[in-house]
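In: Provided below for reference: sequence and predicted model.
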Amino acid sequence: MPPVFTRRWGWMALFVMALPVVVHHGAATALERRGPSVVDARKPAPSSNPLKKQHRPAIALPVPVEEMRQALLAAAQTGDIEDLRVPLEWNELTPDIGAATSEEDAIAHWRRISGDGEGLELLAVLADILPMQPAELPFGADIENNIIYVWPYLAEAELDKLDHREMVDLLRLVGPAEAKKMQAEKKWTWWRLTIGADGTWHSFKRGK
């Protein structure tokens, strides 16, 4: 066989032997370049469950409490204070609304004290506090219904010991001036809503 032909086959043999090394090196280099995205792709997708994003533990509300909460929230989102008559009529007694007399109509009272004159301010309060987690308090001697749920949870918190995330909730609800005042006085003076474990709407009024 001529020397040139032999050399040609020799070079081709070396090329074939080196090809896997080149391919492997190229693939490794590509993986190195793509390393972060490959690793990221293996991470679980962020949860879409809003409860897992909340900094307070989720409270499993009794069915009657959740039904009342949903009724109040639905009424708040209509923009018509009259729609609160539905959850009001679920109660045997009118909730404590902070009115001067027990005979005063709740809707009329909320219209009168609302800054806009139509009760929209009160609807806005409900829309802000009801999506939050409530606080739980013991209430009465009834073993099955001895818990009362309080919105917002901040109404029962130690206001001078809030963490940053709780402070965000407070500022979102009342603004910096009112938040600073309440923390200094260690006293909740904003709106507070309570529902009993049996679904009874007990109160909705400002603290004093």
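Out: Received the coordinates, thanks. Numbers count the residues shown, from 1 in each chain.
In: Report the contact partners of residue 190.
Out: By Cβ atoms under 8 Å, 6 or more residues apart in numbering, the contact set of residue 190 is 155, 173, 174, 178, 182, 206, 207. Placement of C-beta: from N, CA and C, glycine included.
In: The helix or strand containing residue 176 packs against which elements?
Out: Secondary structure assignment for residue 176, by DSSP states H and E: helix 164-185. Other elements packing on helix 164-185 under the criterion 3 or more Cβ pairs under 8 Å, 6 or more residues apart in numbering; DSSP states H and E are helix 120-129.
In: sorry, back to before: tell me the least confident of the contacts of residue 190?
Out: Ranked by pLDDT, the contacts of residue 190 bottom out at residue 207, which scores 86.
In: Compute the number of surrounding residues for that one.
Out: When neighbours are counted by other Cβ atoms under 10 Å, residue 207 registers 12.
In: What of residue 61?
Out: 20.
In: Roughly how far does it sit from residue 73?
Out: Distance, residue 61 to residue 73, using Cβ to Cβ, to the nearest Å: 12 Å.
In: circling back to that earlier point, among the contacts of residue 190, which one sits closest to residue 109?
Out: Residue 109 lies nearest to residue 206 out of these, by Cβ to Cβ, at 12.0 Å.
In: check contacts around residue 203.
Out: Residue 203 neighbours (Cβ under 8 Å, 6+ apart): 95, 96, 97, 192, 193, 194.
In: Which strand residues bridge the second one?
Out: When bridges are called by DSSP bridges, residue 96 pairs up with residue 203.
In: I'd assumed residue 202 was in contact with it.
Out: Yes. Using Cβ atoms under 8 Å, residue 96 is in contact with residue 202, at 6.6 Å.
In: which of the contacts of residue 203 has the most neighbours?
Out: residue 193 (23 neighbours).
In: which stretches of the chain have low pLDDT?
Out: 1-57, 140-145 (pLDDT under 70).
In: ranges for the strands of it?
Out: Along the chain, the segments classed as strands by DSSP state E run 135-138, 147-151, 191-196, 201-206.
In: Can you give me the end-to-end span of stretch 114-125?
Out: Here the two ends of stretch 114-125 are set 11 Å apart, with distance taken as Cα to Cα, to the nearest Å.
In: which residues are contacting it?
Out: 75, 76, 77, 78, 79, 81, 84, 107, 110, 111, 113, 191.
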